[in-house]
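Asks: Model the following, please.
(one chain, ligands or ions: 1)
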Amino acid sequence: MKENMLVLEMLLKNKIITRQNIAERIDEVKRTKNSILDLLVRDRVITEAEIVLIFHNEWGFEPYDPRKDVLDRCVLPFFSKEQARKHLVFPLNQEDDDQLTVLMADPTDEETLRSVKRIADKRLKILVAEKDCIQNLIGKHYHQKYANQKSADLMKPGESNETTAEPTIITLVNDLIEEGVSRGASDIHVEAFPQKIQVRFRIDGVLKPIGLLNQETWKGVITRLKILGGCDIAEHRHPQDGAFTTTHEQRQIDVRLSIMPTIHGEKVVLRLLDEKKFLISVDDLGFSNEQKQLLQEIIEAPHGMLLVCGPTGSGKSTTLYSLLNGLDPRTQNIITIEDPVEFQMEDINQIQVNEKIGLNFASGLRAILRQDPNVIMVGEIRDEDTAEVAIRAAITGHLVLSTIHTNNAIASINRLMDMKIPLYLLSVALRGVISQKLIKRLCPNCRKKALASEAEKRLLGITDQDIELFYPVGCSLCHGTGYQGRIAVQEVLKITRRIREAIGKGEDYDTIRKVAIEEGLKPIEESLKRHLILGNTSISQGLEILTFENEWHR
Ligand SMILES: [Zn+2]
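Replies: Residues are numbered from 1 along each chain as shown. Below is the predicted model:
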């Protein structure tokens, strides 16, 4: 280990060591090729922590704080194990696309720093850490299985393959899926371009570049995925679909595979359906206590229809699965018909729509009714035929849960009226409607509280007082975005006698909404305001809901 004279000078200057301490060790240094610093630490003249402090006080490097500076395993491939060991560097995370945070034991060593910069090929944010700490991290995270595969296969353009072990495709595919699941990705995209094979994850609705694969590996990966998904491995010219199931931390992960031939090769999208995301207890779905009470009343009715509405990607299926999961499948016959079955549930009979053989929502539902069901979940009501069978099921002693693609609870009623459902049937069948939207959740680690502006207060309909709201900042936990995950904002409409009468008379949207609000409907803005005050989200995320709802009901 070579000596860093600058550090020794600073230790001397700060009177942490004496010239005597150094002089006593010169002989041993010559003999053993250890550095004086190492010997001083060994002999407990100084501690590693004191060296870190010198880098901080004299050069301004921030010390590594494991509670604050989180590790993102995706950046490990920036260095191979050998490179990390040689330069005592450990990649920690990436706040945006061009800045990599690394831990270094000695950032003042110019030569090492140059090598590290060249290998990373990124702007570096350097945190200084104890040598032992970096060695431990390297030992712990660059273990055989992960590091060799990843640094060999998920690599940056132009980087040579420094590792010697031949990667096994099976491990690489497993790692890819594991990485996606552990980062909460909903989809993994692997796409071919002339110069590169790109991997991206969709996290919280946004696609993020993750790394690159080389051409040769990619061929193996695609074959492996086709085998797992039950696809034809010899077919390269037609689109193919497949599915398989894997596990992660004892959870079931269903993977749906879609392969599409593009001009540069086959593009693969893996949709990850994580049991953790679907089996959220109703308590964790974001409902207020009052809304939970209403839901309980709706679902306890022996029969009738409960609808969940909202745009695509608003978490309607998650809410349905959570509601189903709260029922007792041992004493009730619960059957679902879905397109597609997004998540497999224990003790529940799930049917997959198959248009090719004429098994659609309506025909499937008719068949289900002959199976002595208690509870029926219909994936989506999107045509008159399905609407009618579902409504009839709801009035003949079944609890029917379904989704409908509308913007709010009242609009769902009008939508069913437009589908020519007889008003007397609709008014008797419908028990309740949940309207739901997903918005980004503020990172609880870095959000900050501040006084709301006049314009923001106007949006919330507050004019006479000052209020404080929460705003995004960005930290390593949220990759600098200020947000982590999403929350649902909802309105829960319970159909009361007065609302039922209004439906029976075929009243228009405005009239039914007026009655519903008189009957206690808390519109979705109310739920949003509750989340804003609690600091769960920011006003910029709620803007669409606030402005849209204001326009719509002006
Ligand atoms: Zn944060």
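Asks: got the residues of the chain near the ion?
Replies: Within the chain, the positions lying close to the ion (CB under 5 Å from the ion) are 443, 445-446, 475, 477-478. C-betas here are computed from N, CA, C, even on glycine.
Asks: and of the residues you listed, the nearest to residue 375?
Replies: Within the residues of the chain next to the ion, the smallest distance to residue 375 is 37.8 Å, found for residue 443 (CB to CB).
Asks: Would you point out which residue of the stretch 1-150 of the chain is nearest the ion?
Replies: Taking CB to the ion as the measure, the point where the stretch 1-150 of the chain comes nearest the ion is residue 70, at 9.8 Å.
Asks: Of the residues of the chain next to the ion, select the buried ones using a PyMOL command.
Replies: If you want just the buried ones from the residues of the chain next to the ion in PyMOL, going by 16 or more other CB atoms under 10 Å, the selection is:
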select buried, resi 443+446+475+477+478
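Asks: Please flag which of the residues of the chain next to the ion sit within strands.
Replies: Nothing among those maps onto strands, per DSSP state E.
Asks: I'd like the residues of the chain next to the ion written out as TSV, with pLDDT added.
Replies: Compiled in TSV, those are given as follows (pLDDT from 0 to 100):
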residue	pLDDT
443	88
445	86
446	89
475	81
477	74
478	76
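Asks: mind listing what residue 496 touches?
Replies: 519-520 (CB atoms under 8 Å, 6 or more residues apart in numbering).
Asks: Any figure for the gap between it and residue 394?
Replies: 17 Å (CB to CB, to the nearest Å).
Asks: so where's this structure shaky on pLDDT?
Replies: When the per-residue scores of the chain are filtered using pLDDT under 70, the ranges that remain are 1-2, 143-167, 548-554.
Asks: how about the residue of the stretch 1-150 of the chain closest to the ion, secondary structure?
Replies: At residue 70 the chain is in coil, as set by DSSP: H, G, I helix; E, B strand; the rest coil.
Asks: Give me the phi and psi for it.
Replies: With angles defined as degrees, to the nearest 10, residue 70 sits at phi -90, psi 150.
Asks: Which parts of this protein belong to which domain?
Replies: The record, using automatic domain parsing to delimit domains, assigns the chain the ranges 1-46, 168-276, 279-552.
Asks: Just put the ones you listed in TSV and tack on distance to residue 104.
Replies: Shown next, in TSV, are the domains of the chain (distance: least, CB to CB, whole Å):
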stretch	distance to residue 104
domain 1-46	12
domain 168-276	23
domain 279-552	16
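Asks: List the contacts of the nearest residue to residue 326 once chain neighbours are set aside.
Replies: Sequence neighbours aside, residue 282 is the residue nearest to residue 326 in space, at 5.6 Å (criterion: CB to CB, 6 or more residues apart in numbering). With contacts taken as CB under 8 Å, 6+ apart, residue 282 has the following neighbours: 292, 295, 322-323, 326.
Asks: Contacts made by stretch 499-513 with the rest, please.
Replies: Counting contacts by CB under 8 Å, 6+ apart, the residues outside stretch 499-513 that touch it are 410-411, 413-414, 417, 423-424, 426-428, 430, 493, 495, 515-516, 519, 521, 553.
Asks: Where does residue 366 sit: helix, strand or coil?
Replies: Of the three states, residue 366 takes helix according to three-state DSSP.
Asks: scratch that, residue 514
Replies: For residue 514, the assignment made with three-state DSSP gives helix.
Asks: rewinding a little: hmm, the residue of the stretch 1-150 of the chain closest to the ion is touching residue 93, no?
Replies: Yes: the pair residue 70 / residue 93 is scored as a contact, 6.3 Å apart, by CB atoms under 8 Å.
Asks: Tell me which of the two has more neighbours.
Replies: Set side by side, residue 70 and residue 93 show unequal neighbour counts under other CB atoms under 10 Å, the larger going to residue 93 at 20 against 15.
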